[in-house]
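Engineer: have a look at this prediction, sequence included:
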Amino acid sequence: ELKVEQNPLFLSMQEGKNYTIYCNYSTTSDRLYWYRQDPGKSLESLFVLLSNGAVKQEGRLMASLDTKARLSTLHITAAVHDLSATYFCAVDWVQGAQKLVFGQGTRLTINP
Amino acid sequence: KAGVTQTPRYLIKTRGQQVTLSCSPISGHRSVSWYQQTPGQGLQFLFEYFSETQRNKGNFPGRFSGRQFSNSRSEMNVSTLELGDSALYLCASSNNPTNEKLFFGSGTQLSVL
């Protein structure tokens, strides 16, 4: 059974600081996704990582994938309050299907 | 281009009742999947449909069922509701099952009393 674990689950940080969210998964998978969810809202796609060594960046967020270590990271650079949200990673359970297994989510709070 | 539309947005039911939730995917998208989100269990996969066929199903009891119509719209049904079925139900679409990006709707918040 595929398991996806994120850490930390809760993160409170100051504006301007850097931090990293980790996502570990238990079995081989072709794709890893990162999503953002604001309170009471739906999931917003941030990144899709398709291969070992893949790195994608959007603004202050950068995601990377190490398929050998079964690890993805989401790095936040010089955090700003608007990045406060819950971040989920997810992995394809079945190759070529939309059957995602999600991590528990990391609730990120960025304080002024 | 309109996003994924889910109706209703909120729903209150009592135990034992049944409920039907609707999802209209983005125009041109043929693949629809459903997820349940609860504080305790997080996000869990329910079903996936492509061209009116259920391709994958999650580990949920038979009370949970779904279907997809020829216009790609999808419905899910939960019969004999239990308190534990209270959740946010999210629908996602993509233009084919191997597509990289899923687009999620705003969800239906179901409360079972």
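Structural biologist: Happy to help now that I have it. Numbers count the residues shown, from 1 in each chain, chains lettered A, B, ... in the order given.

Engineer: what bits of the chain have low per-residue confidence?
Structural biologist: If you meant another chain, say so; for now it's chain A. Of all residues in chain A, those with pLDDT under 70 make up the ranges A:94-98.

Engineer: not quite, I wanted chain B
Structural biologist: Per-residue confidence of chain B (counting by pLDDT under 70) places the weak regions at B:1, B:96-99.

Engineer: what residues does it put near chain A?
Structural biologist: Residues of chain B found near chain A (C-beta under 8 Å from any C-beta of the partner chain) are B:31, B:33, B:35, B:42-45, B:48, B:55-56, B:58, B:90, B:92, B:94, B:97-98, B:100-107. No exception for glycine: its C-beta is placed from N, CA and C like everyone else's.

Engineer: try 6 Å this time
Structural biologist: Those residues of chain B that sit near chain A, judged by C-beta under 6 Å from any C-beta of the partner chain, are B:31, B:33, B:42-43, B:45, B:48, B:56, B:97-98, B:100-101, B:104, B:106-107.

Engineer: run the chain-centre distance for the host helix or strand of A:Ser64.
Structural biologist: Under the criterion of DSSP states H and E, A:Ser64 resides in strand A:61-66. Strand A:61-66 has its average C-alpha position 8 Å from the chain's average C-alpha position, going by C-alpha atoms, centre = their mean, to the nearest Å.

Engineer: from the contact counts, what lies against that strand?
Structural biologist: The helices and strands touching strand A:61-66, judged by 3 or more C-beta pairs under 6 Å, 6 or more residues apart in numbering or on different chains; DSSP states H and E, are strand A:71-76.
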